[in-house]
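Enquirer: Structure of the sequence below:
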Amino acid sequence: MTRSLSDHRTTTARDPANTNGPPALTQLVAWQASLMSQDRFGPAGIQLVSDLAASFGCAQVALGWWQRQRSHLRAVSNPGALGDEAGAVRATRAFEAAMDECIDQGGLVRCPEPAGSPPRITLAHAALVQPAGGDLGAVASLPLHACGRVVGALTLCWRDPQALARFDPETLAHQLALMAPWLDLLHRHEQPLWQRATQHVSQRWQRSSRLRRGLGGGLAMLAAGWLLWPVTHELGGRARLDGQQERSLTAPADGFLQAVHARPGDQVRAGQPLLELAPQDLEVDARRLESEIARHQNAYMAALARSDRAQMGVQLARSDEVGAQLQQVRRELGRTRIEAPMDALVLEGDLTRSVGMPVRRGDTLMRLMPDQAPRVVIEIDERDIDAVRPGQPARLALSALPWDTLALQVERVQPAAHVVEGANVFEVEARLQPGAQAGASVLRPGLTGVARIEVGRQSRLVALGSRVADWLRLQWWRWNG
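Expert: Sure, this is the predicted structure:
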């Protein structure tokens, strides 16, 4: 097959009268084989223009590719004929202008125009035929089509002005229709992925109907508006309810638990009895001390009858000492009944099964939370904590009350982070707004949910892009310093 192409080139060079004749089947097969032997667009384009120049006796053949609404010169035969760098730039612009002129008119453009041909605009072709000092006599350009769209153009130049009379453009156009798809395939294969995706979308857009274009444009505008319109930016995090204050009730003395009047979850009032310790031992001590006081008083009266002043002073002092001990025991008897110091909620201390259990002074028996709105603790990721400030509004949705949201206000940001499930988070304290405190009676410490803090207004695109940009910046610094 390669031999056939070489034989045809030799025949063409020997028989100029046959240069512009229609290519035979063997010549077409040779062109196809020569073109498809290349696996890259650049060498394939050079191979095509070289074969055409040799087959049609052209001074130059140029291949241009349609990109970004204009032609770009990609291959030219006999590039040495372009001259120096300035001449090459001028020739490139002239070729691209002629190709644009051909593609804009959607068909064959020849200069000079043969008699009886349809009128065409040939300004760029005339400039290519007769530049200052040029020696070209005839130019013809044909558009290249692949998959029903224009992909480029081919410009053929001859020195002999009569060459166009022997040129058969229809046959060449038919043959180029077979070779242009292969060039288009090579060109698309070499493009980056994003360019191929953009080109695919553009082609689908051009092929779609007006209705689809209108719907697509409307959806694109809605998506752009959704991404670019400034909205309230919120930072989300897990939240839990904690008591603002907690009180611990401890055993006032050593003893035994006698009665339990409240359990965790009970709402108690100030002065309401919660626990009772067994008073029997203290009552025995009180009776013993009362007996000692009576004995010392009797001794005091006997000394008074004898006018023994020294003994009177001794018995009076002993009576006062025992009286002080009795007052202490009576106070301890009063503390065996443990009462609620305030209106509160019992958090811990289910002792209903521990009646009779010995307790020691200072043992924690119950924990109470004052009857007020609990505080909200929000866990915010360390990457977002810089945007959180005291006073910012927030909203809370509890897992137990998913149908309702509670208004919050940020009060404090904890200075230290801690690890939760492998992530560094900061705890942000918030309080319920007055309107939300009306329903605080149904809130209990330990409830969990999700909270969102309003940190300002920005577009969704900026909110998403800033997180990605921060991550890329950190990774760049990590690997490059």
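Enquirer: all helices for the stretch 1-150 of the chain, in order.
Expert: Using DSSP state H, counting those that start in this stretch, the helices of the stretch 1-150 of the chain run over 2-14, 25-36, 41-56, 85-105, 123-129.
Enquirer: neighbouring contacts of the shortest one?
Expert: Helix 123-129 is touched from outside by 94-95, 97-98, 100-101, 109-112, 136-139, 141, 155, 157, with contacts defined as C-beta atoms under 8 Å, 6 or more residues apart in numbering. Glycine gets a C-beta too; all of them are placed from N, C-alpha and C.
Enquirer: Please pick the buried ones from those.
Expert: The neighbour count (16 or more other C-beta atoms under 10 Å) marks 94-95, 97-98, 100-101, 109-111, 136-139, 141, 155, 157 as buried among those.
Enquirer: So which of the helices of the stretch 1-150 of the chain is nearest R74?
Expert: Among these, helix 41-56 comes nearest to R74, with 5.2 Å by C-beta to C-beta.
Enquirer: Return the list of helices and strands in contact with that closest one.
Expert: helix 2-14, helix 25-36, strand 60-67, strand 70-76, strand 149-158, helix 169-190 (3 or more C-beta pairs under 8 Å, 6 or more residues apart in numbering; DSSP states H and E).
Enquirer: Doesn't V355 lie inside a helix?
Expert: No - V355 is assigned coil when assessed by DSSP: H, G, I helix; E, B strand; the rest coil, not a helix.
Enquirer: ok, for it, nearest residue in space, not its chain neighbours?
Expert: Once flanking residues are discounted, V355 sits nearest to L257: 5.6 Å by C-beta to C-beta, 6 or more residues apart in numbering.
Enquirer: and the gap between that neighbour and V151?
Expert: L257 sits 94 Å away from V151, going by C-beta to C-beta, to the nearest Å.
Enquirer: hmm, back to that, nearest to R287, of the helices of the stretch 1-150 of the chain?
Expert: That would be helix 41-56 among these, by C-beta to C-beta, at 113.9 Å.
Enquirer: quick one: buried residues of that closest one?
Expert: Under 16+ other C-beta under 10 Å, the buried positions of helix 41-56 are 41, 44-56.
Enquirer: Show me what the residue nearest to V355 is bridged to.
Expert: L257 has these beta-bridge partners by DSSP bridges: L277.
Enquirer: picking up where we left off before, quick one: the helices of the stretch 1-150 of the chain as CSV, columns for distance to G349 and mean pLDDT too.
Expert: CSV is the format used below for the helices of the stretch 1-150 of the chain (distance: least, C-beta to C-beta, whole Å; pLDDT from 0 to 100):
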stretch, distance to G349, mean pLDDT
helix 2-14, 99, 40
helix 25-36, 88, 73
helix 41-56, 82, 86
helix 85-105, 89, 89
helix 123-129, 96, 86
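Enquirer: and W229, which of these is closest to it?
Expert: Closest approach to W229 among the helices of the stretch 1-150 of the chain (C-beta to C-beta): helix 85-105, 39.7 Å.
Enquirer: Can you list the buried residues in the closest one?
Expert: Here helix 85-105 shows 88, 91-92, 94-103 as buried, counting by 16+ other C-beta under 10 Å.
Enquirer: Measure how it sits relative to strand 149-158, angle-wise.
Expert: Angle, helix 85-105 to strand 149-158, by axes from the mean of the first three to the mean of the last three C-alpha atoms, to 10 degrees: 130 degrees.
Enquirer: Any chance you could list what contacts helix 85-105?
Expert: The contact list for helix 85-105, computed with C-beta under 8 Å, 6+ apart, reads 62, 64, 66, 70-73, 76, 79, 82-83, 108-109, 120-125, 127-128, 131, 139, 141-143, 150, 152-153, 155.
Enquirer: on that earlier part again, and the residue nearest to V355, how many residues sit next to it?
Expert: As a burial measure, L257 scores 18 neighbours (other C-beta atoms under 10 Å).
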